[in-house]
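Q: What would the 3D arrangement of this be:
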Amino acid sequence: MNTDAQGPVIVEIEDITAPARFQHLPDALAALWDALCVLPVSEFQAGAFKYFLTRPNAADQVRYFLDLDGRLDLTLRLADRLHRVSVHPAPQEPPGNPPPTPTGRSR
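A: Coordinates of the predicted model:
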């Protein structure tokens with residue numbers, strides 16, 4: 001499965017990170033992992049997220065869940081509070097206007 005060809009995604013850790021848009025799913029998963037690494041998570045949670053986000057076929061597995069359910073939501077526990085870790089397809093951006101042609105030049 002070519003995960004890069006499936007379109008951009010948005011990732012977020014509820015109440016911790018703002019939603020972030022990525023063109024490629026592997027980049028989004030790497031950013032989630034980087035954000036989780038600086039949080040005071042338990043060793044058990046760190047191991048589970050590491051397995052889910054960094055294994056060689058992580059992007060394929062996450063894309064499978066996106067195709068199946070339309071989004072992937074995981075749960076992170078910090079300081080006796082639950083936070084949703086989410087990955088979902090980004091909405092289509094409206095097509096932009098082409099860049100202006102410089103004056104006096106033709107394309």
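Q: For the lengthiest strand in the chain, buried residues please.
A: The strand spanning the most residues in the chain, taking DSSP state E as the definition, is strand 81-89. Buried residues in strand 81-89, counted by 16 or more other CB atoms under 10 Å: 83, 85-89. Backbone N, C-alpha and C define where each C-beta goes, glycine included.
Q: Contacts for that strand next, please.
A: Residues outside strand 81-89 that contact it (CB atoms under 8 Å, 6 or more residues apart in numbering): 7-16, 25, 28-29, 32, 36, 49, 62, 66, 70-77.
Q: Using CSV, write out every CA atom in that strand.
A: Written as CSV, here are the backbone C-alpha positions of strand 81-89 (Å, rounded to 0.1, in the frame of the first residue of the first chain):
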residue,chain,number,x,y,z
ARG,A,81,-6.7,12.6,32.7
LEU,A,82,-7.4,11.0,29.3
HIS,A,83,-6.4,12.7,26.1
ARG,A,84,-7.4,11.6,22.6
VAL,A,85,-4.6,11.1,20.1
SER,A,86,-6.2,11.4,16.7
VAL,A,87,-5.3,10.9,13.1
HIS,A,88,-7.8,11.7,10.4
PRO,A,89,-7.8,12.6,6.7
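Q: which neighbours does it have in its sheet, and in what orientation?
A: Using DSSP bridges, the strands paired with strand 81-89 are strand 9-13 (antiparallel), strand 72-78 (antiparallel).
Q: Deepest-packed of the ones you listed, please.
A: strand 9-13 (a mean of 21; mean count of other CB atoms under 10 Å).
Q: after that strand comes which helix or strand?
A: Helices and strands here follow DSSP states H and E; after strand 9-13, the next one along the chain is strand 20-22.
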